[in-house]
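Asker: Predicted model follows, preceded by the sequence.
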Amino acid sequence: MLRGKVDARTAAAEAVRRLNSKLERRRERNSLPALDQQPARLREEFARVRASDLLAHFRARVRPKFFPGFEHAEPTGMLQRELFPEETARLLNHARRITDEHCWPLLGFGEKCFGAGEINWNHDPLSGFQWPRDYHADINLIRNDGSDARVLWELNRLAHFITLGRAYALTKDCTFSREFFRQLDGWRLANPTARGVNWNCAMEVALRAVNLLAAFHLFLRAPEMNGQALRDLLGLLDRHGAHIQRNLEFSHIANSNHYLADLTGLLWLGVMLPELQAADDWREFGLRELLREMDEQTLADGADNEASTGYHRLKTEMFLYSFVLCHLNGVHIDPRYWIKLRGMVEYIHAYVRPDGFAPLLGDSDSGQFLPIVKRRADDHAYLLALGAAVFQEPRFKLGKYASGVQLDGRPETDRLHAGGVRTEELFWLLGEHGLRDYEGLADDASPVSQAFPEAGTYVLRKDDLYLLFNASECGVKGRGSHGHNDALSIEVSAGGTAFIVDPGSFVYTHNLNERHLFRSTAYHSTVQVDGVEQNMIDPAIPFIIGNEARPRTLTWDTASAADSVTAEHYGYQRLPQPVIHRRTVRFNKDGRFWLVEDELIGEGRHEFAFRLHCAPGLEVTVSGYLRLADQFTGARLFVASLSGFAGPELQSGFVSTDYGAKEASIIACWSEQSAVPERKRWAIIPLRAFEDDALAVETIAKLRFGPAAPQNS
């Protein structure tokens with residue numbers, strides 16, 4: 001955290017904070033025996049009432065309000081079946097798998113089963129390691145034995161309780177409610193407060209608290225919710241809030257999604273449980289700090305400051321869901337923050353590809369906030385549906401993203417989001433009224449080229465053509481922990497098919513070698529010089545990356561006929577013979593092709609590798625040029641050197657679209673050893689299903705041997 005420029009005042013404040021944190025940990029450790037026995041600290045008027053009367057109060061109260069879909073279970077259930085028949089069948093099937101076999105999906109690892117008896121909540125499902133129930137701050141998370149705290153934390157976020165709760169709302173089948181209370185009791189006994197890995201990270205405690213609040217509303221009227229069960233759940237939620245407050249992941253130097261999640265958890269507990277003594281303090285502190293962090297962690301152009309689209313999704317969920325919850329309960333938020341939130345949705349609208357999925361720039365651990373539906377890491381478009389309804393913005397609908405693209409035969413999980421599609425999140429969070437608002441919006445035109453200079457993200461697109469140019473730093477003002485070595489990399493999509501993609505993240509601490517590989521320069525569609533990294537990485541330290549590259553955008557121009565962007569980075573300036581990499585991308589909209597120019601500026605002789613990462617499942621061939629073909633859409637993409645290179649070497653690689661999942665892919669690599677300065681040019685030419693390959697070959701020939709392309713082409 002002390003990397004980069006830190007003034008003396010800030011360093012001193014941070015030193016004092018860390019000292020106070022150590023003292024707080026000492027007090028917490030000394031009070032461990034009493035922490036788990038602490039009952040809910042209710043306000044005086046509620047502490048004295050009988051348990052049955054307290055339950056009657058919660059069942060009768062009209063404020064605070066939760067989301068409409070959760071508040072009105074009976075009409076929600078009827079409409080869910082009517083509007084989402086296929087999704088309802090899957091939901092009920094998943095809920096029955098939870099009750100019958102203790103099996104449910106876990107991140108990108110697929111369905112995992114946790115035993116027929118009591119679930120072992122501290123058993124690592126990857127390595128088999130049994131995490132100890134030591135004081136939470138004493139637990140070492142990076143073990144180099146195949147274990148992964150992130151995976152165990154996903155299990156212990158208890159998001160599957162929302163699946164059980166939604167199934168109960170639809171069916172009133174007590175099989176689901178009994179399973180919820182049984183698992184909740186087992187979890188509480190296996191995870192005493194402040195002991196074990198599931199209390200190690202305040203962010204995890206906060207996300208679990210939010211999921212428990214949602215489950216609380218879904219099961220409030222279940223027969224198993226008696227006075228004692230209510231007091232037990234209130235006590236657990238109160239202890240969650242107190243633990244978050246004692247262990248806030250704050251720094252005077254730089255904060256991240258962790259502190260943001262801490263604040264969101266406190267805000268939600270404060271808003272939804274005013275019966276607790278600490279509720280007012282949690283609500284006021286949580287909201288005040290949440291808005292302050294929105295100023296700090298959201299860039300002026302709407303992007304997250306951690307150089308990660310995955311964490312941008314998570315933060316957008318936290319802000320969007322929290323703002324809606326506050327609105328429902330009359331908690332005022334200054335309009336300028338709603339404008340900032342709109343900017344965050346605008347960024348998603350810009351970077352989502354024509355197939356409805358997102359490029360995974362930087363890290364992604366597939367984390368979701370209040371996951372009503374489990375979404376793959378690269379699925380961000382459901383937030384556009386919510387944004388369209390909340391902001392009454394037709395442009396956020398997905399109606400004309402990929403007009404005319406045929407996806408017959410494509411696997412269901414890879415189908416593009418259809419125009420005007422309603423989502424279950426929209427229904428459960430905004431209710432029937434929100435659905436009507438959304439469906440009343442006219443489908444608007446396709447997204448256009450946009451620049452996000454603060455983020456370093458440039459999208460050159462028209463209709464079904466899409467290229468993303470990444471000139472972002474490592475994030476958090478050079479202190480990034482979630483950035484990758486992806487300076488001047490590109491993503492390309494055409495005809496409803498993603499052809500050139502960012503390979504994603506795969507895993508964090510489960511395998512440090514794989515962690516290093518997926519964030520390396522070689523695993524991004526850019527230029528590598530002499531086999532070194534753009535930014536320094538220590539494979540043994542999974543959440544630190546240097547900021548030597550410092551990308552800088554030199555020009556950006558957009559017009560109806562053409563777009564152009566030029567940027568350079570300085571990551572190879574530390575070589576004995578320094579090199580600057582400058583890349584220009586020009587988009588000829590009428591001609592339907594891109595030109596990429598790489599300039600290597602410096603001195604000496606170097607080994608250069610120009611790589612493109614192909615999406616999995618494509619037919620990849622080389623014949624003087626690279627040809628990528630999608631058998632489902634019929635779309636193809638041709639990449640040809642205009643500088644004398646023959647076809648590329650094809651190498652084996654992987655792409656991960658969900659944490660823990662990876663698919664085999666092909667990396668196209670053009671390499672040579674030459675002296676600098678050096679300049680290489682490439683043509684990227686997409687074809688639609690009805691177009692013949694000869695059209696691309698003809699275009700390549702013209703670009704290679706015909707008159708020089710105009711400067712704006």
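Answerer: Perfect, I can see it now.
Asker: From the contact counts, what lies against the helix or strand of the chain with the lowest mean pLDDT?
Answerer: Of all helical and strand segments in the chain, the minimum by mean pLDDT, DSSP states H and E falls on helix 73-83, at a mean of 87. Judged by 3 or more CB pairs under 8 Å, 6 or more residues apart in numbering; DSSP states H and E, the packing partners of helix 73-83 are helix 68-71, helix 85-101, helix 160-171, helix 424-439. (Each C-beta comes from the backbone N, C-alpha and C, glycine too.)
Asker: How far away from the center of its chain is the last one?
Answerer: In this case it means helix 424-439. When C-alpha coordinates are averaged (CA atoms, centre = their mean, to the nearest Å), helix 424-439 and its chain have centres 22 Å apart.
Asker: that older thread, return the angle between stretch directions for the least confident helix or strand of the chain and helix 160-171.
Answerer: 90 degrees (axes from the mean of the first three to the mean of the last three CA atoms, to 10 degrees).
Asker: any idea which helix or strand carries the residue lying closest to Phe469 once chain neighbours are set aside?
Answerer: Using CB to CB, 6 or more residues apart in numbering and skipping the chain neighbours, the partner closest in space to Phe469 is Tyr458 (4.3 Å). Per DSSP states H and E: Tyr458 is located in strand 457-462.
Asker: Bridged to Glu619, which residues?
Answerer: Note on Glu619: beta-bridge partners by DSSP bridges are Ala629.
Asker: what's the neighbour count on it?
Answerer: Burial of Glu619 is recorded as 12 neighbouring residues (other CB atoms under 10 Å).
Asker: quick one: contacts for it?
Answerer: Applying CB atoms under 8 Å, 6 or more residues apart in numbering to Glu619 gives the contacts 627-631.
Asker: in this structure, which strand has the most residues?
Answerer: Secondary structure of the chain per DSSP state E: the longest strand is strand 661-675.
Asker: Can you show me the CA trace of that one as CSV?
Answerer: Only the C-alpha atoms of strand 661-675 are listed here, as CSV (Å, rounded to 0.1, in the frame of the first residue of the first chain):
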residue,chain,number,x,y,z
ALA,A,661,-13.0,-22.4,-15.3
LYS,A,662,-10.8,-22.4,-18.4
GLU,A,663,-11.1,-23.6,-22.0
ALA,A,664,-8.3,-24.5,-24.4
SER,A,665,-7.6,-21.8,-27.0
ILE,A,666,-5.1,-20.8,-29.7
ILE,A,667,-2.6,-18.0,-29.5
ALA,A,668,-1.4,-16.5,-32.8
CYS,A,669,2.2,-15.2,-32.5
TRP,A,670,4.2,-13.4,-35.1
SER,A,671,7.8,-13.1,-33.8
GLU,A,672,11.1,-11.7,-35.1
GLN,A,673,14.4,-10.4,-34.0
SER,A,674,15.2,-6.9,-35.4
ALA,A,675,16.8,-3.6,-34.7
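Asker: In that strand, which residues are buried?
Answerer: Of all the residues in strand 661-675, those buried under the rule 16 or more other CB atoms under 10 Å are 661-662, 665-670.
Asker: Please tell me how far the spatially closest residue to Ala202 that is not a sequence neighbour sits from Met203.
Answerer: Among residues not flanking Ala202 along the chain, Asn247 sits closest, at 4.3 Å (CB to CB, 6+ apart). The spacing between Asn247 and Met203, counted by CB to CB, to the nearest Å, is 10 Å.
Asker: Can you work out which residues contact both of those two?
Answerer: Asp262.
Asker: follow-up on the earlier one: list only buried entries from the contacts of Glu619.
Answerer: Among the contacts of Glu619, those buried by neighbour count (16+ other CB under 10 Å) are 627-630.
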